[in-house]
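J.: What shape does this take:
(4 chains)
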2 protein chains.
Amino acid sequence: MKQQEVFKAMADPTRRAILKRLQSGALSAGEIGEAFDITPASLSHHFNVLKQADLVRTERRGQYIVYSLNSTVFEDLARMLMDLFPSKGNAGGKK
Amino acid sequence: MKQQEVFKAMADPTRRAILKRLQSGALSAGEIGEAFDITPASLSHHFNVLKQADLVRTERRGQYIVYSLNSTVFEDLARMLMDLFPSKGNAGGKK
DNA sequence: GCAATATTTAGATATTTGTCTAAATATATA
DNA sequence: TATATATTTAGACAAATATCTAAATATTGC
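T.: Here you go, the predicted structure:
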C-alpha cells in the first residue's frame, strides 16, 4: 500500500465524500459529480488522486467512465491504523 | 472526533513518524526531535497539528513538555474507516 | 535574580494543492 | 462523418502548508 498517497487522498473532504457516494455501488464520473458544486475538471483531479492511492478502480462503459471502491486498500489502511496505536498485547504497535 | 483535523494530521509523513515514536511511550519534545532533521520550531508546528486533531496529549514535566498518544482517537479513526467501506453485512458502510 | 535549557510563537518564504477556464480526447448517435 | 455528450488534460491562480530564522516564554539551578 502506498501509505503516503492513501493518507493524502483521505485528507480532502471532497474526496472522502466521493468515496462515501461509492459505498452503495459503482457510479459514473457524472453521477458522482451531481452531488458536488465543483467543475468536472476539479472532480477529475480528485479522481486522479484517488486512483493514485488505489482507493478506486475505473472501467470505461461506453461513453461513461465508471468508478468503484477498492475495498482492499481500505482494509489495509484500517489495519495499519490498528497497528499504529499500542493496545493490550501489542505494546509498541507491532512488526 | 474532528474527522478533518485527524486526516489532515495523518497526511504528513513527519507527523506519522512522530506518532510512531510515541508508540513505545511518552517522550519529551526534545526526545522526539532527535529522530528528525528539522528545527524545533518546525517540530512544534507538527505538535500543534497533532494536538488539534487530539491525536496526542501533552503534559508539562518541569522544564520539559511530554507528549503521549491518545489511543482513543486512533480507535475512532480505525472504526470510521471500517465504516467507510462496504463489507458483508454492512452494504452501504452504515449510518 | 541571572544564565542555561526546553519549547513555543511570530513572521517570511517556497512548495503543494484545490479550483477554475479552455482545449483535447473518447464514445455514441443522427 | 458531423454533432452532442462525457471525461480528462493543460495551464493559471489563490489558499494552505511545511519549513526556516529570530525572538519570546517557561522552568531549573546557581
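
J.: Next one: stretch A:64-75, is it in contact with DNA strand C?
T.: No - judged by Cβ under 7 Å from any atom of the strand, stretch A:64-75 makes no contact with DNA strand C; its nearest approach is 8.2 Å. C-beta here means a position set from N, CA and C on the backbone, and glycine is covered the same way.

J.: what ranges do the helices span in chain A?
T.: Read by DSSP state H, chain A holds these helices, from start to end of the chain: A:3-10, A:13-22, A:29-33, A:40-52, A:71-84.

J.: Which one, of those helices, ends up nearest to B:Glu31?
T.: Closest to B:Glu31 of the helices of chain A is helix A:71-84 (Cβ to Cβ; 19.0 Å).

J.: same for that closest one, what does it pack against?
T.: helix A:3-10, helix B:13-22, helix B:71-84 (3 or more Cβ pairs under 8 Å, 6 or more residues apart in numbering or on different chains; DSSP states H and E).

J.: Most tightly packed of these?
T.: helix A:3-10 (a mean of 20; mean count of other Cβ atoms under 10 Å in any protein chain shown).

J.: Close to DNA strand C: what parts of chain A are there?
T.: Checking chain A against DNA strand C by Cβ under 7 Å from any atom of the strand, the hits are A:8, A:11-12, A:14, A:37-39, A:41-42, A:45-46, A:49, A:60, A:62-63.

J.: Would you mind listing which of those residues are buried?
T.: For those, a burial check counting by 16 or more other Cβ atoms under 10 Å in any protein chain shown picks out A:8, A:11-12, A:14, A:46, A:49.

J.: which of those residues lies closest to DNA strand C?
T.: Lowest distance from DNA strand C to those (Cβ to the nearest atom of the strand) belongs to A:Asp12, with 3.9 Å.

J.: quick one, phi/psi of that closest one?
T.: phi -100, psi 130 (degrees, to the nearest 10).
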